[in-house]
Every structure is written in structure tokens, then in C-alpha cells.
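**Q** Sharing a model prediction with you, sequence too.
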Amino acid sequence: MSIEVKNVFKYYGEQAALNDVSFKINSGEIIGFLGPNGAGKSTMMKIITCFIPKSAGEVKVCGINVDEDSIEVRRKVGYLPEHNPLYLDMYVKEYLDFTAGIYKIKNKKQRVNEMVSLVGLDKEQNKKIGALSKGYRQRVGLAQAIIHDPEVLILDEPTSGLDPNQLVDIRQLIINIGKTKTVMLSTHIMQEVEAICDRVIIIKDGKIVADDTTGHMQHKDEKNLTIFVEFDQAATRNQLRQITNVKNVKSLDDNKWLFEANSDIRAEIAKYAQKNNLLVLTMRIEEKSMEDVFKELTRG
């Protein structure tokens with residue numbers, strides 16, 4: 001188990017930023033840690049990385065209690081915070097060499113060159129960090145987070161400020177890293193979650209409101225399904241509404257329909273088509289986007 005969080009509370013004065021939060025993350029998982037602004041995401045990540053203490057509960061990283069040996073936890077964790085703190089007057093390679101020195105990495109020069117190549121900083125490596133675009137500063141931050149080859153990687157908004165091409169590169173990098181490490185990723189970009197994450201944990205008002213695989217979360221509401229159907233010829237809305245468990249039918253054109261249903265009615269639709277001499281060309285359950293799931297769980 002890479003991360004274990006059990007009954008964690010965090011108070012700022014009388015305000016509870018985290019309220020009895022518990023979850024576990026296995027080795028090799030890429031987890032999307034989602035929630036609206038102020039939900040407690042960054043607070044939880046800072047507790048896991050030993051930047052701030054919790055008020056109550058227990059947190060372990062790679063089996064090590066964060067209260068008992070925070071130094072060893074820091075050796076196991078790579079962290080890219082939301083507001084990427086960098087020394088703007090240092091050169092890229094100078095800064096990475098400095099970071100490698102903090103971790104007492106052997107063959108620093110070789111490791112720095114590996115990081116420059118890995119995160120795509122080859123053309124920018126001889127510039128001062130202050131002269132870099134926001135996207136390239138994010139790459140520097142990601143390089144410092146993984147330079148010591150940590151077992152766990154905590155990324156708070158890692159693709160903030162990246163252009164579409166950089167997004168693709170960094171996403172693929174995170175996926176590759178996730179093959180050998182545990183990655184906990186916070187983001188507001190739902191397409192990123194769908195592309196990268198194996199599992200999603202959603203937090204609202206300091207409490208966990210969902211914890212499931214990405215695919216299952218998008219199909220979880222089996223009593224509120226949308227089914228797309230294309231017939232080979234026209235049908236009428238009034239006839240289609242007579243199919244068992246249909247709540248509503250929406251016409252996309254004469255042959256294409258969207259059914260809203262209380263259950264999986266694909267068998268009933270097929271029977272209806274056969275009875276009425278219709279050929280079903282296409283039929284599929286429309287999965288919800290992560291954006292739809294997120295809105296349903298965090299609004300109100």
C-alpha cells in the first residue's frame with residue numbers, strides 16, 4: 001500500500017478543512033483527486049507530503065507514519081505543489097543540480113541530464129528559470145519532483161498553463177511514470193482525468209463523496225441511463241415511448257434516437273425493432289463524461 005489515510009481531520013481555527021477523510025491508494029495506481037475550489041484537495045496533499053500537520057487521524061506513506069518519520073516519507077515522495085515554488089534567478093540545470101544535491105544523489109550531472117531530456121527541457125536548459133514560460137516552469141517543477149526517483153508522486157494541478165501540445169507530452173509522461181510509481185493527481189481538467197487516471201476520489205466540503213474506478217463512475221447510475229439507437233428507417237416518438245421503462249425519447253433525426261431509461265432497455269428496444277420490422281444499425285449506452293459526474297457529485 002503506497003498511501004493510507006485514516007479518519008483524518010484538519011482544522012483551521014474552528015473551520016474543518018478535512019472532515020473524517022479515509023482512503024487507500026495501491027502501488028502503481030494513478031489516482032485523480034478531484035473537488036471544487038476549497039474542498040480540501042491541496043490540504044490533503046500537503047499533509048501526505050509532510051508540509052503541514054493534520055489535526056487528527058493517521059497517514060502512512062509506503063507504510064511509514066508521517067508523524068513518526070517525516071524525513072523518510074519525504075524521501076519516498078515527489079511533490080509538485082499548485083503554486084510551483086522555483087528560484088527564478090537560477091538556471092534550469094543549476095536548479096536541478098541544487099535539488100539533486102539536497103537528495104544526495106550520486107552522479108548528479110547524469111541524473112540532471114536525464115531529467116532535462118525526460119521532461120522536454122533540452123532547448124531551455126541553459127536559461128534562467130525566470131525567463132521561462134509558465135509551461136516550461138511546470139516542467140522544471142515536475143523534474144525536481146521526480147529527480148530522486150520517488151515511489152509516490154503527488155501532483156497538484158501539474159498541467160496548469162500548458163499549451164495543447166505540452167499537455168499531450170506531460171500527460172504521456174505522467175502515464176509512463178505511473179507504470180512504476182504511485183501517482184496522486186489533482187486537476188480541474190476532466191479530459192485529463194479520463195485520459196490518465198485509473199481511479200477517481202472526489203472530495204467536497206472536506207468529505208469524500210466518491211471513490212471508484214473512472215469507468216465505473218461514468219456508468220454508476222444504472223437507474224438513469226441514456227441509450228443511443230439508430231434504426232434503418234424512420235420511427236415515431238409516441239411508439240418508442242411505449243417501450244418498457246422508457247422515461248423519455250429524444251429525436252436526433254428520423255432514424256436516430258436518444259432513450260432515457262430507468263434500466264438497461266437494449267433488449268426491449270431490440271424486441272420492439274424486430275416486431276416493427278426495423279433494423280437496429282447502432283445501439284449503445286452513452287457514458288457520462290467525468291465533467292457530468294463531477295457536477296452531479298459536487299453541486300448543491
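**A** Ah, there it is. Numbers count the residues shown, from 1 in each chain.
**Q** could you pull out the strands for this protein?
**A** Secondary structure of the chain (DSSP state E): strands at 3-12, 15-25, 30-34, 56-61, 64-65, 77-80, 152-156, 182-186, 199-204, 207-213, 225-231, 246-251, 256-261, 280-285.
**Q** The last one pairs with which strands, parallel or anti?
**A** So the one you mean is strand 280-285. For strand 280-285, the paired strands and their directions (DSSP bridges) read strand 225-231 (antiparallel).
**Q** Residues touching the partner strand, excluding its own?
**A** 255-266, 269, 273, 278-286 (CB atoms under 8 Å, 6 or more residues apart in numbering). From N, CA and C alone the C-beta is placed, and that goes for glycine too.
**Q** Quick check: L258 touching L240?
**A** No: the criterion here is CB atoms under 8 Å, and L258 misses it with L240 at 10.4 Å.
**Q** shared neighbours of these two, anything?
**A** V249.
**Q** of the two, who's got more company?
**A** For L258 and L240, the more surrounded residue by other CB atoms under 10 Å is L240, and the numbers stand at 20 against 14.
**Q** got the strands of the chain as JSON lines, with distance to V92 and mean pLDDT columns?
**A** Output for the strands of the chain, formatted as JSON lines (distance: least, CB to CB, whole Å; pLDDT from 0 to 100):
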{"stretch": "strand 3-12", "distance to V92": "30", "mean pLDDT": "96"}
{"stretch": "strand 15-25", "distance to V92": "31", "mean pLDDT": "95"}
{"stretch": "strand 30-34", "distance to V92": "27", "mean pLDDT": "94"}
{"stretch": "strand 56-61", "distance to V92": "29", "mean pLDDT": "96"}
{"stretch": "strand 64-65", "distance to V92": "32", "mean pLDDT": "96"}
{"stretch": "strand 77-80", "distance to V92": "16", "mean pLDDT": "94"}
{"stretch": "strand 152-156", "distance to V92": "19", "mean pLDDT": "94"}
{"stretch": "strand 182-186", "distance to V92": "23", "mean pLDDT": "94"}
{"stretch": "strand 199-204", "distance to V92": "33", "mean pLDDT": "94"}
{"stretch": "strand 207-213", "distance to V92": "38", "mean pLDDT": "91"}
{"stretch": "strand 225-231", "distance to V92": "49", "mean pLDDT": "90"}
{"stretch": "strand 246-251", "distance to V92": "54", "mean pLDDT": "91"}
{"stretch": "strand 256-261", "distance to V92": "51", "mean pLDDT": "91"}
{"stretch": "strand 280-285", "distance to V92": "48", "mean pLDDT": "91"}
